[in-house]
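[1] sequence and predicted structure below; questions after.
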Amino acid sequence: MNVQDLYAISPLIVLVTWATLLILVDVYIIRDRNGGTPILAALGLLVAMGFAIAQTGQQYTAFNGMAVVDGFAIFLQVLFLGSGLVGIALAYNYLQRMGIERSEYYILLLYSISGMMLMAIAADLIVVFLALELLSIPLYVLAGFGRPKVEPEEAALKYFLLGAFAGGFVVYGIALAFGATATTSLAGIVQAVNAGSANLTLLSIGAALILIGLGFKVAAVPFHMWTPDVYQGAPSAVTAFMSVGAKAGGFAALLRVFVSALPELAADLSPVLWVLAALTMILGNVVAIAQGNIKRLLAYSSIAHAGYILMALVVFGNTQVSSDAVAAALFYLVAYAVTSFGAWAVVIALEKAEQKGLALDDYAGLGRKYPGLAAAMAVFMLSFTGVPPTLGFVGKLYLFRTVLEGGFIWLAVIGVLTSLVSAYYYLRIVVIMYMRDGDPQVHAEPWLRLTAGVTAVATVVLSLYAGPLFAWASQAVLKLF
Amino acid sequence: MTALQIIFLITAVITLGAAAMVVITRNLVHAALWLIMTFFGISVLYVLLNAGFLAVAQVVIYIGAISILMIFAIMLTRRVQQDFGPQTNAAWPWALVIAAALFGGLIWIFSGWGNFFTQAPVMGERADPLRQLGMALVSPEQYVIPFEVASVMLTAALIGAIMVAWERK
């Protein structure tokens, strides 16, 4: 072992150590169980982010091919750490208000993020699986954080059962991939395929099973059934973090595994992904129209956005386009993360105990009574729809461009049409906020205001200067060999 | 009497005594701890038989995983660790008869098997899968990352389990 190996996983080491020490600090030093823990947790995320950013521009594999440092890994680690910071900001007052303040929230959050970061640097299927479990297990508990009420328990149990089920698919797929290639390392799989020693049929089946398992994580149709119930039942701060972090973690694994290790299987798997992406976009957007609860609406919206990102994966076999596709997917993940966190911040501001304040009608009159919050929400809805000048628009532009470059015209057409459909339910919220009279009750604590404000400004400003961000994402090409 | 035989006798007494205590003790947590003692004695027997891999598997799986799981299950699900009712019921003489018959039957079957009284050949020293397994798990060139991450994952799962099982006051 050399120092470089440890340096490669330094952000992860920092975060895991920090989380583990925080347990002790929380119990023995802080004691009052609500003061310093969130701040210390956020500090740990910032330190880990510093270590991640310090790696910018480097490219090497560590631990004999178990982990890899490249632009992709660094980009995603920064995204995960950032979403952890927002997750803490959203939860800080919300947990107190809902009477479920417990400092384990922040510790489990840190563990979940370390799983996501491991996912970003994983270059071996065993590590991918362990990362998947490490990111999921704390989320199962966080989903049920509102215990002992019925809805959080239902959410936690559903998420746990389907998550465990999905984990089984992933393990089975990994086992078949190992059977087909005699290795679990992504680089080794490519070598085996190129040398002709791999059993391609078996490898395809294994890859399909991995796709199913990760499809559950990113909530792609037809593996999305858990999403609305879990998103509705889990505490909103957890839902916000889950809808961004878990989804990005799943896509990190999908992109890494399929683009870097399995391009040879594109002939078999691209059509499958095509159908998955199309179904996910159509079902997510169409069913969202019928929702009257904002959390369920955002759940279906998150399904639909998984469909858009899946479009980037369809071109994974085309080596000329696939690096662009990865960049477009990463850019869209950022756009989705910023917009989604903003929207959830507004939802949390309006939410009241006992699942009240979540109907779309509760947003009536927001435009008159709280113009700032309503304007922010309008920006997020426009970004979700893909209307300029917002990040969502730029993200969709890049995505559609790579899909067209890959030659999948009809998929792009479906993407555009479903975006038009989505305008109906996103803009309906804007209409309700501004056109109807009502008396909304808002608990806009400072951290919520800050999150909503910063994400709203970022949604607009970053879209005007999208070039540099996309350039950074473009450096995030997957390099394994 | 060789040193090996003395060690065997001591281990056997401790193992059987601990096994009896598992049944006799009234405190569930103590029972689980005695069970760990029994498992440990069995792993010593494996070592005496030169079956290093089985010994380590015994320690890692039975002591490390299953017993700890039991203790957690007891501590998280029961408020009272102690049982006060009688430990036997009316049918205990019958249970004794059946258990004795089963034991006698097993002895009878084994004594009919010719190899029971012959000493098995000692395994070769060179075949040492344990060393290879151990090295593979902690070698930076092989599986140290999955190995360490698994422990982090279990820590997170443990905290989660306590969160889920804890009764809120």
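    Looks like it came in fine.

[2] right, and A:Gly82 touches A:Met49 too?
    Yes: between A:Gly82 and A:Met49 a contact is recorded at 7.3 Å, counting by CB atoms under 8 Å. For every residue, glycine as well, the C-beta is placed using N, CA and C.

[3] ok, now which ones touch the closest residue to A:Ala234 other than its chain neighbours?
    Once its chain neighbours are removed from consideration, A:Ala234 has its nearest residue in A:Ala143; the separation is 4.1 Å (CB to CB, 6 or more residues apart in numbering or on different chains). A:Ala143 makes contact with A:152, A:155-156, A:159-160, A:230, A:233-234, A:238, A:242 under the criterion CB atoms under 8 Å, 6 or more residues apart in numbering or on different chains.

[4] go on, A:Pro222?
    Listed by CB under 8 Å, 6+ apart, the contact set of A:Pro222 reads A:Leu279.

[5] quick check: phi and psi on it?
    phi -100, psi 30 (degrees, to the nearest 10).

[6] could you pull out the buried residues of the strand or helix carrying A:Phe75?
    Following DSSP states H and E, one finds A:Phe75 within helix A:71-98. Residues of helix A:71-98 classed as buried: A:71-95, A:98 (neighbour count, 16 or more other CB atoms under 10 Å in any protein chain shown).

[7] need the residue closest to the centroid of chain B.
    Within chain B, one residue has its C-alpha closest to the average C-alpha position: by CA atoms, centre = their mean, that is B:Phe39, at 2.7 Å.

[8] generate TSV for the contacts of A:Ala143, with pLDDT, secondary structure and neighbour count as supplementary columns.
    Below are the contacts of A:Ala143 laid out as TSV (pLDDT from 0 to 100; DSSP: H, G, I helix; E, B strand; the rest coil; neighbours: other CB atoms under 10 Å in any protein chain shown):
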residue	pLDDT	secondary structure	neighbour count
A:Pro152	87	helix	21
A:Ala155	90	helix	28
A:Ala156	90	helix	25
A:Tyr159	93	helix	27
A:Phe160	92	helix	21
A:Val230	94	helix	29
A:Gly233	90	helix	25
A:Ala234	92	coil	28
A:Val238	93	helix	32
A:Met242	92	helix	23
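
[9] closest one to chain B out of those, please.
    Of all the contacts of A:Ala143, the one sitting nearest chain B is A:Ala156; the distance, using CB to the nearest CB, is 7.7 Å.

[10] okay, and the nearest residue to A:Ser236 once chain neighbours are set aside sits in which element?
    Closest residue in space to A:Ser236, ignoring its immediate chain neighbours: A:Ile348 at 4.8 Å, by CB to CB, 6+ apart. Take DSSP H and E as the rule and A:Ile348 turns out to sit in helix A:319-350.

[11] what is the rounded mean pLDDT of that helix?
    Average pLDDT, helix A:319-350: 91.

[12] same check on stretch A:404-411?
    Per-residue pLDDT over stretch A:404-411 has a mean of 91.

[13] which parts of it are buried?
    Counting neighbours by 16+ other CB under 10 Å, one finds that the buried residues in stretch A:404-411 are A:406, A:408, A:411.

[14] out of the residues you listed, who's nearest chain B?
    Taking CB to the nearest CB as the measure, chain B sits nearest to A:Gly406 out of those, at 33.9 Å.

[15] excluding its backbone neighbours, what's nearest that closest one?
    Spatial nearest neighbour of A:Gly406, chain neighbours left out: A:Val315 (3.3 Å); criterion: CB to CB, 6+ apart.

[16] need the contact list for that neighbour.
    When the contact criterion is CB under 8 Å, 6+ apart, the partners of A:Val315 are A:270, A:321-322, A:325, A:402-403, A:405-406, A:408.

[17] what helix or strand does residue 110 sit in?
    This is for chain A. Using DSSP H and E, the element containing A:Leu110 is helix A:104-121.

[18] if you could check chain B rather than the one you did, that'd help
    Element membership for B:Phe110 (DSSP H and E) is helix B:92-112.

[19] now the host helix or strand of A:Ala207: how far from the chain's centre is it?
    Element membership of A:Ala207 [criterion: DSSP H and E] is helix A:200-218. Using CA atoms, centre = their mean, to the nearest Å, the mean C-alpha position of helix A:200-218 is found 19 Å from that of the whole chain.

[20] in terms of secondary structure, what does it contact?
    Judged by 3 or more CB pairs under 8 Å, 6 or more residues apart in numbering or on different chains; DSSP states H and E, helix A:200-218 is in contact with helix A:125-143, helix A:150-181, helix A:186-195, helix A:247-255, helix A:266-289, helix A:294-314.

[21] make CSV out of these and add distance to B:Ser67.
    CSV is the format used below for the helices and strands packed on helix A:200-218 (distance: least, CB to CB, whole Å):
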stretch, distance to B:Ser67
helix A:125-143, 22
helix A:150-181, 23
helix A:186-195, 37
helix A:247-255, 33
helix A:266-289, 44
helix A:294-314, 41
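
[22] which among these is found nearest to B:Leu69?
    For the helices and strands packed on helix A:200-218, distance to B:Leu69 was read as CB to CB. The smallest value, 15.5 Å, belongs to helix A:125-143.

[23] so what angle separates the directions of the closest one and helix A:71-98?
    Here helix A:125-143 points in a direction 20 degrees away from that of helix A:71-98 (axes from the mean of the first three to the mean of the last three CA atoms, to 10 degrees).

[24] tell me the contacts of the residue in the stretch 301-450 of chain A that chain B sits nearest to?
    Here the residue of the stretch 301-450 of chain A nearest chain B is A:Ala353; by CB to the nearest CB that distance is 15.8 Å. Counting by CB under 8 Å, 6+ apart, A:Ala353 touches A:97-99.

[25] closest one to chain B out of those residues, please.
    Compare each of those with chain B using CB to the nearest CB and the shortest gap goes to A:Gly99, at 10.1 Å.

[26] now A:Glu151, nearest residue through space, not along the chain?
    For A:Glu151, the nearest residue in space outside its immediate sequence neighbours is A:Gly233; the separation is 3.9 Å by CB to CB, 6+ apart.
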